[in-house]
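Enquirer: What follows is a predicted protein model with its sequence.
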Amino acid sequence: MKIAIPTSNEKTICEYIPFCKYFLIIDTDTNIRKLIENPMFEIVKKEKIKKKECGENGLHTGEIIPKYLKSFGIEMLIAKSLGEGMLDNLEIFSIKYKITDSDKIENILLGF
């Protein structure tokens with residue numbers, strides 16, 4: 001299974017997907033790991049959007065990210081929180097999701 005986790009440092013999960021630099025892709029069958037850029041990060045940086053303003057700016061993260069992740073064959077997204085639009089589009093693209101309270105990626109992966 002290919003899992004995506006939003007991160008900026010490969011060690012901890014980011015709380016807000018638009019503000020993470022990357023997605024860590026882990027293939028649980030082969031244990032191969034790969035970092036891919038988060039297309040939302042450049043938009044947030046360019047527009048100088050602050051976290052508290054994120055939902056108010058109509059970034060369309062929930063529309064962009066599921067399609068982007070599917071292009072890499074992602075089967076599951078693990079995140080701290082997901083909005084309604086993200087959840088709807090994950091379902092459309094047949095990507096499962098898991099919400100976690102853990103900060104450390106290694107702890108998250110213990111169940112896989």
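Expert: Structure received.
Enquirer: Do you have the strands of the protein handy? List them.
Expert: Under the criterion DSSP state E, the chain carries strands at the ranges 2-7, 22-27, 32-37, 76-79, 96-99.
Enquirer: just the helices in the protein please.
Expert: 39-47, 61-70, 84-92, 105-108 (DSSP state H).
Enquirer: what ranges of the chain fall below the confidence cut-off?
Expert: Along the chain, the model assigns pLDDT under 70 to residues 49-58.
Enquirer: picking up where we left off before, how about JSON lines for the strands of the chain, with mean neighbour count and distance to Lys48 added?
Expert: Every residue, glycine included, has its C-beta placed from N, CA and C. Shown next, in JSON lines, are the strands of the chain (neighbours: other Cβ atoms under 10 Å; distance: least, Cβ to Cβ, whole Å):
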{"stretch": "strand 2-7", "mean neighbour count": "22", "distance to Lys48": "20"}
{"stretch": "strand 22-27", "mean neighbour count": "20", "distance to Lys48": "20"}
{"stretch": "strand 32-37", "mean neighbour count": "12", "distance to Lys48": "19"}
{"stretch": "strand 76-79", "mean neighbour count": "21", "distance to Lys48": "24"}
{"stretch": "strand 96-99", "mean neighbour count": "13", "distance to Lys48": "29"}
